[in-house]
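one predicted model, sequence on top.
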Amino acid sequence: MQINLDHTINSGQVFLWEKFDSVWYGINGGDVLAVDADNPKLVSSFVKSDYDLFRDNDEFNHVIKSISKDKTIKDATRKFSGLRLMRQDPFQCYISFIASSNSNLQNIKSSLKNITKKFGDKVKFNNKEFYTFPEPKKLAKATKQELLSCGLGYRVPFVMKASNLVSTSHIDFDYLKKADYLTAKESLLQVFGIGDKVADCILLFSLEKLEAFPLDRWIIRSLQQYYPGRFSFEGKTITKNKYQTLHQEIVQYFGPYAGYCQQFLFKLIRESNQKKWL
DNA sequence: TACTAACCTGTACG
DNA sequence: ACGTACAGGTTAG
């Protein structure tokens, strides 16, 4: 099945992508990627790398079949046909979603861009200028003032401590990739600034955990709108305990590729509320 | 254990 | 114009 790059990038999973003419450029860790929207199979990059950015190994047709439990999802997969999960650089993903808490798309994007400008490397690629995402060790050396000037606000201590944990190998992404979902999640939850939602984003988008299903306020709205009465809710905010219960119900219903469902349901509710993307 | 207020910062509303 | 509300949550009490 064809990849739809616009749907994929404009579905809330990445922040540092921008489109020039019909080519999307994205920062992915120390790399800069260029993908032609009309021919997404061809990924070129600044640093040579050959990873499976669009998760072709997931056998997409099988995934779609597996998650198509009802009309809502079937319609969404048809409407946003070609929407994929992207395999992201773990450190960038980790910092990105820590920076995302209680913020909005524009702010998140701006803070992250400031981080790359201040701490990343400037590279020229396809006659354009980009800044890569800094290495953990580089970001761990940042001062409070420098991070404040990026616009992170009260998340500065989150980012400082989180960067330190990675640069000192207390958080090891390769290990977390191999670990099972719950073990990896437990690990991430130890990090100051990471709660259930942020942990699930990191797990889904960069650590190979397709059963992760980030429950943010938009997904809650989506579930309430499209699945009234199916899952257990009380109120609009979700407490620690309910998060776990709800997640279990969701995986039981949608199956092992529940994370893909989250992406479609998120896209669906944001589009229907006419929220802006990148 | 369970619930709530406070929180940087930028922007969209009235 | 200028204040107020609120945004892809988390922590501390």
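Looks like it came in fine. The structure displayed is predicted, hence computed values, not measured ones. Numbers count the residues shown, from 1 in each chain, chains lettered A, B, ... in the order given.

residue boundaries of the strands in the stretch 101-250 of chain A?
Taking DSSP state E, counting those that start in this stretch to define them, one finds strands in the stretch 101-250 of chain A at A:122-125, A:128-131.

most tightly packed of those strands?
strand A:128-131 (a mean of 16; mean count of other CB atoms under 10 Å). C-beta here means a position set from N, CA and C on the backbone, and glycine is covered the same way.

name the nearest residue to the one residue in the stretch 101-250 of chain A that gets nearest to DNA strand C, sequence neighbours excluded.
Ranking the residues of the stretch 101-250 of chain A by distance to DNA strand C (CB to the nearest atom of the strand) places residue A:195 first, at 2.5 Å. By the measure of CB to CB, 6 or more residues apart in numbering, the closest residue to residue A:195 outside its immediate chain neighbours is residue A:189, 7.2 Å from it.

so residue A:84 sits in a strand?
No: according to DSSP: H, G, I helix; E, B strand; the rest coil, residue A:84 belongs to no strand; its state is coil.

isn't it right up against residue A:8?
Yes: taking contact to mean CB atoms under 8 Å, the distance of 4.9 Å between residue A:84 and residue A:8 places them in contact.

which residues are common contacts for those two?
Residues touching both residue A:84 and residue A:8 (CB atoms under 8 Å, 6 or more residues apart in numbering): residue A:54.

where's residue A:24, which helix or strand?
Element membership of residue A:24 [criterion: DSSP states H and E] is strand A:23-28.

show me what contacts the residue of the stretch 101-250 of chain A found nearest DNA strand B?
Per CB to the nearest atom of the strand, residue A:153 is where the stretch 101-250 of chain A lies closest to DNA strand B, at 2.2 Å. Applying CB under 8 Å, 6+ apart to residue A:153 gives no contacts.

neighbours around residue A:5, how many?
Neighbours of residue A:5 under the rule other CB atoms under 10 Å: 24.

got a list of what it touches?
Taking CB under 8 Å, 6+ apart, we find residue A:5 in contact with A:24, A:35, A:37, A:40, A:82.

residues of the stretch 151-278 of chain A that sit close to DNA strand B?
Proximity of the stretch 151-278 of chain A to DNA strand B is assessed by CB under 7 Å from any atom of the strand, with A:151-155, A:237, A:239-241 identified as the residues in range.

if you rank those residues by neighbours, which is first?
residue A:152 (24 neighbours).

please report how far it lies from residue A:90.
With distances defined as CB to CB, to the nearest Å, the gap from residue A:152 to residue A:90 amounts to 19 Å.

how about the residues of the stretch 1-150 of chain A that lie near DNA strand C?
Proximity of the stretch 1-150 of chain A to DNA strand C is assessed by CB under 7 Å from any atom of the strand, with A:12-13, A:15, A:100-105, A:107-108 identified as the residues in range.

by neighbours, which of those residues wins?
By neighbour count, taken as other CB under 10 Å, the most surrounded of these turns out to be residue A:13 (25 neighbours).

that one contacts residue A:87, doesn't it?
No: using CB under 8 Å, residue A:13 is not in contact with residue A:87, being 10.2 Å away.

find residues that contact each of the two.
Listed contacts common to residue A:13 and residue A:87 are residue A:205; contacts here mean CB under 8 Å, 6+ apart.

residue A:35 is in what secondary structure piece?
Of the helices and strands defined by DSSP H and E, residue A:35 is found in strand A:31-36.
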